[in-house]
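Chemist: this is a predicted model, with the sequence first.
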Amino acid sequence: MRQRAAEPAVIALTIIACGGALGLAGAVALAPAAALWPALGVAAGYSLSGST
Amino acid sequence: MLGVSGRRSYSLQAFALGLVIGGVASATVLLIVGAVLQSVLPPAVRWGLVVVGLAVLVARHLGWVSFPMPENRRLVPETVFRLGRFVAPLQFGIEMGTGARTYVTSNLPYMLALMVALVADLGGGLLAGVGFGIGRALMTWGAGRMPHTSDWHAKWTQRSGLVGALLMMVFLGLSSVLGFIAV
């Protein structure tokens, strides 16, 4: 079965949506900062997707 | 380059595991260095350095300034995946996960390293390392869902400006929230 393609930009937008949700939660409810660190890591790691 | 086809998924899982381990390893090193800095610099000074550092790196991203950053200027040989199905991709994943295996084509890893060293606590720093590995693994997942591995790289090249800008914005946004929470 052919898998649905995942565009780099779509993945980036997904990261942004998740990160935005975490950021909003942090800003509104002062959620533990620990929730934001992995989102920062994902953004930084994904940004290197062109370097293999 | 990386690609997925049925039987290779085992190797790619090992690769992804290695990426996370590598990310945590780099974060640990940064935390150790950062522990020294954090013991002598008050939080306001450390956050001030983060703001200045991020501003400089954003200017570098935009091309307003140009200066070299430390990176391993070597390409990755494709033969690395001929060495075995688990240990080789695991080892290679660890190397790639550290962010020190090959070229660094984005400013965000430097931003993350700066923040981990200067303002992260132990848990936050390690979680950032885990996230870094997961973020790197997303590329293998995305490439595997393309008909051909080269399709990913073609699309990445085509969209890299947009993706880079979006990731930069979310990174700065989340960093601002972290700073707001800390201060």
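Modeler: Right, received. Where do you want to start? Residues are numbered from 1 along each chain as shown, chains lettered A, B, ... in the order given.
Chemist: residue ranges of the helices in chain A, please?
Modeler: A:8-29, A:36-46 (DSSP state H).
Chemist: of those helices, which is nearest residue B:126?
Modeler: Each of the helices of chain A has some distance to residue B:126 by Cβ to Cβ; the shortest is helix A:36-46, at 8.3 Å. Yep, even glycine has a C-beta here, placed from its N, CA and C like the rest.
Chemist: how about low-confidence regions in chain B?
Modeler: By pLDDT under 70, the low-scoring segments of chain B are B:1-8, B:76-83.
Chemist: of the helices of chain A, which shows the lowest average pLDDT?
Modeler: With a mean of 73, helix A:8-29 has the lowest mean pLDDT of these.
Chemist: so which bits of the lengthiest helix in chain B are buried?
Modeler: If you go by DSSP H, chain B has its longest helix at helix B:149-182. For helix B:149-182, a neighbour-count test (16 or more other Cβ atoms under 10 Å in any protein chain shown) marks B:149, B:151-153, B:155-156, B:159-160, B:163-164, B:166-168, B:170-175, B:177-179 as buried.
Chemist: against which helices or strands is it packed?
Modeler: The contact analysis (3 or more Cβ pairs under 8 Å, 6 or more residues apart in numbering or on different chains; DSSP states H and E) places helix B:149-182 against helix A:8-29, helix A:36-46, helix B:43-62, helix B:108-119, helix B:122-144.
Chemist: for the second one, which outside residues touch it?
Modeler: Outside of helix A:36-46, the residues within contact range by Cβ atoms under 8 Å, 6 or more residues apart in numbering or on different chains are A:11-12, A:15, A:18-19, A:22-23, A:26, B:19, B:23, B:106, B:108-109, B:111-112, B:115, B:120, B:123-125, B:127-139, B:167, B:170-171, B:174-175, B:177-178.
Chemist: drop anything exposed from the residues you listed.
Modeler: Neighbour-count burial (16+ other Cβ under 10 Å) applied to the contacts of helix A:36-46 gives A:11-12, A:15, A:19, A:22-23, A:26, B:19, B:23, B:106, B:108-109, B:111-112, B:115, B:120, B:124-125, B:127-139, B:167, B:170-171, B:174-175, B:177-178.
Chemist: touching, residue B:142 and residue B:153? I think so.
Modeler: No - counting by Cβ atoms under 8 Å, residue B:142 stays clear of residue B:153, with 10.5 Å between them.
Chemist: what distance do you get for the residue lying closest to residue B:106 once chain neighbours are set aside to residue A:12?
Modeler: The shortest distance from residue B:106 to any non-neighbouring residue, by Cβ to Cβ, 6 or more residues apart in numbering or on different chains, is to residue A:47 (3.7 Å). As judged by Cβ to Cβ, to the nearest Å, residue A:47 and residue A:12 stand 9 Å apart.
Chemist: over to residue B:20?
Modeler: Per Cβ to Cβ, residue B:20 is found 20 Å from residue A:12.
Chemist: for residue B:120, phi and psi?
Modeler: The phi/psi pair for residue B:120 (degrees, to the nearest 10) reads phi -80, psi 140.
Chemist: my bad, residue B:102
Modeler: Main-chain dihedrals, residue B:102, degrees, to the nearest 10: phi -150, psi -160.
Chemist: quick check: it touching residue B:75?
Modeler: Yes - with contacts counted by Cβ under 8 Å, residue B:102 reaches residue B:75, the gap being 6.4 Å.
Chemist: so between these two, which is more surrounded?
Modeler: More crowded of residue B:102 and residue B:75, by other Cβ atoms under 10 Å in any protein chain shown: residue B:102, with 17 against 10.
Chemist: contact partners for the nearest residue to residue B:73 once chain neighbours are set aside?
Modeler: Leaving aside its sequence neighbours, residue B:73 sits nearest to residue B:103 (Cβ to Cβ, 6+ apart; 6.3 Å). Contacts for residue B:103 (Cβ under 8 Å, 6+ apart) come out as A:51, B:71, B:72, B:73, B:74, B:75.
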